[in-house]
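A.B. asks: Generate a structure from the sequence data that follows.
(one chain, ligands or ions: 2)
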Amino acid sequence: MHVSGVAVFLVLIIGQGTADCPDGFVKHDTSCYLFSILRVSWIQAMKLCSVYGGELATIESREEEAFLETYLHHTWTTYNQTDGIWLGGTDLLVENEWIWAVSKEPITEYIRWAPGEPNSINNPGEDCLDFLPHKNFLWNDENCGKLLNFVCERSLLEGYVPPSILG
Ligand SMILES: [Ca+2]
Ligand SMILES: [Ca+2]
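C.D. replies: Residues are numbered from 1 along each chain as shown. Ligands and ions are numbered 1, 2, ... in the order given. Got it, this is the predicted structure:
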């Protein structure tokens with residue numbers, strides 16, 4: 001039985017290495033990404049990503065940013081595209097304290113604000129994070145009710161439990 005135990009172990013290792021993303025997602029590193037040209041508010045985007053078993057994308061490194069830029073350049077069409085694309089960051093809870101909404105991790109390690117951002121202009125302010133294809137994908141704080149395209153991300157890691165914000 002020892003040999004079959006090793007075999008099972010190897011299958012698990014191989015299975016983990018070749019884990020695939022669900023249909024419609026693209027794989028990069030340990031995540032799967034889905035770009036949607038639907039135009040929705042930030043909270044609607046959060047819910048839709050949850051339905052897809054993920055969350056609004058979090059960008060935690062220059063490398064991840066570069067992947068998303070390349071992916072979006074290839075996925076991008078002129079059909080129904082918006083000026084910004086929702087990401088999973090917000091300062092809805094405490095003004096000027098930006099966090100990744102699902103993990104609650106403060107956005108401090110990797111930051112990529114566009115010049116002059118976050119500026120929280122107009123009423124009711126701008127508490128949700130998007131990035132701007134027409135500005136080299138630099139970041140902006142945006143009115144959470146604005147209707148934008150969005151990117152979902154879900155982990156490929158073993159034991160990953162998709163976040164649920166649907167209650
Ligand atoms: Ca991420
Ligand atoms: Ca802004």
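
A.B. asks: got the contact list for Thr30?
C.D. replies: For Thr30, the contact set (Cβ atoms under 8 Å, 6 or more residues apart in numbering) comprises 155-157. (Glycine included, C-beta is placed from N, CA and C.)

A.B. asks: Pull out the buried members of these.
C.D. replies: 155-156 (16 or more other Cβ atoms under 10 Å).

A.B. asks: After the longest strand belonging to the chain, which helix or strand is next? Please name it.
C.D. replies: Identified as the longest strand of the chain according to DSSP state E is strand 31-40. Helices and strands here follow DSSP states H and E; after strand 31-40, the next one along the chain is helix 42-51.

A.B. asks: Direction included, what does the helix or strand following that next one pair up with?
C.D. replies: Remark: after helix 42-51, the chain's next helix or strand is strand 55-56, criterion DSSP H and E. The pairing partners recorded for strand 55-56 under DSSP bridges are strand 148-155 (antiparallel).

A.B. asks: So what's the model's average confidence on the partner strand?
C.D. replies: In this model, strand 148-155 carries a mean pLDDT of 96.

A.B. asks: hmm, back to that, in its sheet, what does the longest strand of the chain sit against?
C.D. replies: Applying DSSP bridges, one finds strand 31-40 paired with strand 26-28 (antiparallel), strand 148-155 (antiparallel).

A.B. asks: Just tell me which of those strands ends up closest to ligand 2.
C.D. replies: strand 148-155 (12.7 Å; Cβ to the ion).

A.B. asks: The closest one and ligand 2, are they touching?
C.D. replies: No - Strand 148-155 stays clear of ligand 2 (Cβ under 5 Å from the ion), getting no nearer than 12.7 Å.

A.B. asks: quick revisit: packed most tightly, which of the strands paired with strand 31-40 would that be?
C.D. replies: strand 148-155 (a mean of 23; mean count of other Cβ atoms under 10 Å).
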